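No sequence on hand, only this structure:
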């Protein structure tokens, strides 16, 4: 079984993460930089507006006290402009003519206005703009200088006089100066603020990249974590499946690493070699396993990657059993050798089944042949018996001839019985099942042989389980079976012995019938052939009795086995499993 393995991170995960995160962090970075820029402009704007208000306050104070003249106001303008971040302070008329400047050399020159005069007239609020002078950017704050208020309206003549004096002190005079025609400009140096803003922008971009990397890493880690959990769950299921499969497989599984050390095995291997797992695991295979298995491992390594064959294997109890061996070398995807895996299957039962099949086929052939022969024999036997009876009646006065004719009749009857048994064996057995109380049924079968038991001084012991219920059997056929087994037991004991009959439960509602005698037992050589037709150890037996018994039990979907040894005698065990009423056949 192969498991799909994913190598690395799929490209669509990386692309998807970038598509989601990059626009988000780019927008956030842009917004932060824009807000920082706006905050910088706001600070410069507030500073410029404060300077304008301060300068206007000084001007108004001079007008009200009438102690200041134009020279004093000029000094105030120059001293205020001495701050490092102030490039200039100037007052210009609506045409851009500079009327006052912190540098007197600029008075009378034209200041670049680019302003909407109508907008200035309608809106007296403070404004700002960014201008470039000599390739240097400056933040310029401007608005009307001393806009007309109620106070200014009342003091218009004083204001004009003050302005005229101021202009005359600077060798400049304009005859049409009004409070609403002057504009004050504050030029602030943007270089330090711009450097700070750029540093903040770089730091913001850097932090955004760090956060983007963290977010990207987080998404990748989330995906890897999800895949890890899915892989772990899948591996847990596969491990549970494989462990359960290995433990409950009817085939032995043996894993050996590349150093020849046994790494794993299941219970079947333990039972097969009669060695517990703790004596197998982590032990060299060549020291623990039978040499037949080790030879096959060496064959894999030297010749081929996989072998499949049947071998006779020594299990350590002086018993060689047939084993089907499938062995293979283990290589990974990189073609690295990791060891061997061996599948071992005990073929004892399979070979027994094969023998049973061969036996059944032989019996079927014999049955067909016997049926044909029996039909051919019966007709001559009837003629022979007829002639023998005729001669018996005719030679009643001649004792020798009479005895010969009588023997002929007896032999013909015996041959007829053999032929009848042969026909019965060859025909399929028909079963007509009825519900039967087995305890009563077995007692009735024992009564049939009571006289014979008494003659040979043989005692019968019974052991009936009280929980046995009625079962479905063919009474006639089962009676024939039990009587045959009883007679065999009596013949085996001969005299002064004991027969034990037990009735036990089997498979819930089935039954087991045990018939045990204390006779001399059956030889091991004959034990495997007692159910074969025409096999007998009796001088006057036909060899068909137990073969017919076997067929009757088989027709009941049951089984019959025999255990025998010289110490305990012989036991026939009949097993009749029943789930429902058997179908009549």
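Received it, and whenever you're ready, just let me know what you need. Note that the structure is predicted; figures quoted are calculated from it, not measured. Residues are numbered from 1 along each chain as shown.

which secondary structure elements does the helix or strand hosting residue 503 contact?
Per DSSP states H and E, residue 503 falls inside strand 497-506. With contacts taken as 3 or more CB pairs under 8 Å, 6 or more residues apart in numbering; DSSP states H and E, strand 497-506 sits against helix 438-448, strand 458-464, helix 475-493, strand 510-517. Glycine gets a C-beta too; all of them are placed from N, C-alpha and C.

mind giving me a markdown table with those and columns for mean pLDDT?
Converted to a markdown table, those look like this (pLDDT from 0 to 100):
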| stretch | mean pLDDT |
| --- | --- |
| helix 438-448 | 90 |
| strand 458-464 | 90 |
| helix 475-493 | 88 |
| strand 510-517 | 90 |
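
so which of those comes closest to residue 236?
strand 510-517 (42.0 Å; CB to CB).

returning to what we had before: as CSV, the helices and strands packed on strand 497-506 with distance to residue 429 and mean neighbour count would be great.
CSV is the format used below for the helices and strands packed on strand 497-506 (distance: least, CB to CB, whole Å; neighbours: other CB atoms under 10 Å):
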stretch, distance to residue 429, mean neighbour count
helix 438-448, 19, 15
strand 458-464, 27, 13
helix 475-493, 7, 19
strand 510-517, 18, 20
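
So for residue 431, which of those sits nearest?
Residue 431 sits nearest to helix 475-493 of all the helices and strands packed on strand 497-506, at 6.5 Å, using CB to CB.

which strands and helices sit next to the closest one?
strand 434-436, helix 438-448, strand 497-506, strand 510-517, helix 545-555, strand 569-576.

Who are the contact partners of residue 277?
Neighbouring residues of residue 277 by CB atoms under 8 Å, 6 or more residues apart in numbering: 265, 267, 270.

What is the neighbour count of the second one?
When neighbours are defined as other CB atoms under 10 Å, residue 267 has 14 of them.

Let me see the contact set for it.
With CB under 8 Å, 6+ apart, residue 267 has these contacts: 247, 277.

Now do stretch 10-26: everything it contacts.
So stretch 10-26 is contacted by 208, 209, 211, 212, 215, 216, 219, 220, 223 (CB under 8 Å, 6+ apart).

so of these, which ones are in helices?
Mapping the contacts of stretch 10-26 onto helices (DSSP state H) picks out 208, 209, 211, 212, 215, 216, 219, 220, 223.

Which among the residues you listed count as buried?
208, 211, 212, 215, 216, 219, 223 (16 or more other CB atoms under 10 Å).

on that earlier part again, would you format the contacts of stretch 10-26 as JSON lines with pLDDT and distance to residue 455 included?
Listed next are these as JSON lines, based on pLDDT from 0 to 100; distance: CB to CB, whole Å:
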{"residue": "208", "pLDDT": "83", "distance to residue 455": "115"}
{"residue": "209", "pLDDT": "86", "distance to residue 455": "114"}
{"residue": "211", "pLDDT": "83", "distance to residue 455": "110"}
{"residue": "212", "pLDDT": "81", "distance to residue 455": "110"}
{"residue": "215", "pLDDT": "79", "distance to residue 455": "105"}
{"residue": "216", "pLDDT": "79", "distance to residue 455": "104"}
{"residue": "219", "pLDDT": "78", "distance to residue 455": "99"}
{"residue": "220", "pLDDT": "80", "distance to residue 455": "98"}
{"residue": "223", "pLDDT": "79", "distance to residue 455": "93"}
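
wait, which of the residues you listed is closest to residue 137?
residue 208 (25.6 Å).

Name all residues that make contact with that closest one.
Residue 208 neighbours (CB under 8 Å, 6+ apart): 25, 26, 28, 29, 32.

Of those, which is the nearest to residue 483?
Distance ranking of the contacts of residue 208 against residue 483, using CB to CB, places residue 25 first at 99.1 Å.

Any chance of JSON lines for the helices and strands packed on helix 475-493, columns distance to residue 299?
Listed next are the helices and strands packed on helix 475-493 as JSON lines, based on distance: least, CB to CB, whole Å:
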{"stretch": "strand 434-436", "distance to residue 299": "59"}
{"stretch": "helix 438-448", "distance to residue 299": "56"}
{"stretch": "strand 497-506", "distance to residue 299": "46"}
{"stretch": "strand 510-517", "distance to residue 299": "47"}
{"stretch": "helix 545-555", "distance to residue 299": "43"}
{"stretch": "strand 569-576", "distance to residue 299": "43"}
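
Among the ones you listed, single out whichever gets nearest to residue 392.
Closest to residue 392 of the helices and strands packed on helix 475-493, according to CB to CB: helix 545-555, at 30.0 Å.
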